[in-house]
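A.B. asks: could you look at this predicted model? Sequence included:
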Amino acid sequence: MANSSLVLNAVAKGLLNFELIDKSEFYEDLAVITELGLPNVLSAKVFYGVSSRVSAFEISTHLDIGLESESLDTIKDTIIEQKNLLKGLCSSDTQQWLNIFTIQKISNEVDISKFPLFIIAKVKTDKLYFRENLDSLYLSSNDYSEFVKVREDKRDLFKGIDQNNGYYLERVPTTDKWKVIKC
């Protein structure tokens, strides 16, 4: 049935009208897992972080089932905390999804207002992007025509954003200073 999740959700709302909260929550959960095509609530909650049904189910089989009643943020934090353990238990495809999830989670937590303005060697471009090559960090123009190697003693300054394509540096107009920008 193509609209089974809609029917289940309607049943949940109807039960709520009769103040049958436990039964309503059951049908609401059933509607969600039916819509997502996942076998349980925990894998559905993991899916909201990982974005792959197969990987969400695989990860959920290695998490404590008690997490099912926890918030999405708690589940996401648990996945981050247990990332290394999970990587050892999961397939290579799921490991890649864990990497993507970790990068996305970190990018959402970085407070760019804490980054100071920077002075960088003379370059003509007004935007520099983070690039890694052979364990070195570089700031590069979009077309790679200009690049500046980040000194090893300055690398910690960019921790949390250096491996994430969601950030770049932009020149402050009419100055030699640069600021971190989130895409």
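C.D. replies: The structure has been received and is ready for your questions.

A.B. asks: please name the bridge partners of the closest residue to Phe147 other than its chain neighbours.
C.D. replies: Excluding the flanking residues, the one nearest Phe147 by Cβ to Cβ, 6 or more residues apart in numbering is Ser140, at 4.1 Å. From N, CA and C alone the C-beta is placed, and that goes for glycine too. Beta bridges link Ser140 to Tyr129, Phe147 when assigned by DSSP bridges.

A.B. asks: what's the neighbour count on the closest residue to Lys76 other than its chain neighbours?
C.D. replies: Nearest non-adjacent residue to Lys76, counting by Cβ to Cβ, 6+ apart: Gly49, 4.8 Å away. Gly49 has 22 neighbours, counted by other Cβ atoms under 10 Å.

A.B. asks: next one: Lys76 from Phe101, what distance?
C.D. replies: 8 Å (Cβ to Cβ, to the nearest Å).

A.B. asks: common neighbours of these two, please.
C.D. replies: Common contacts of Lys76 and Phe101, defined by Cβ atoms under 8 Å, 6 or more residues apart in numbering, comprise Gly49.

A.B. asks: what about Leu63, which SS state?
C.D. replies: Here Leu63 is recorded as coil under DSSP: H, G, I helix; E, B strand; the rest coil.

A.B. asks: what's the burial count for Ala10?
C.D. replies: Count around Ala10 with other Cβ under 10 Å applied: 13.

A.B. asks: likewise for Glu81?
C.D. replies: Neighbours of Glu81 under the rule other Cβ under 10 Å: 10.

A.B. asks: now Lys154
C.D. replies: Lys154 has 11 nearby residues by other Cβ under 10 Å.

A.B. asks: surely it is within a helix?
C.D. replies: Yes - remark: Lys154 belongs to a helix, assigned using three-state DSSP.
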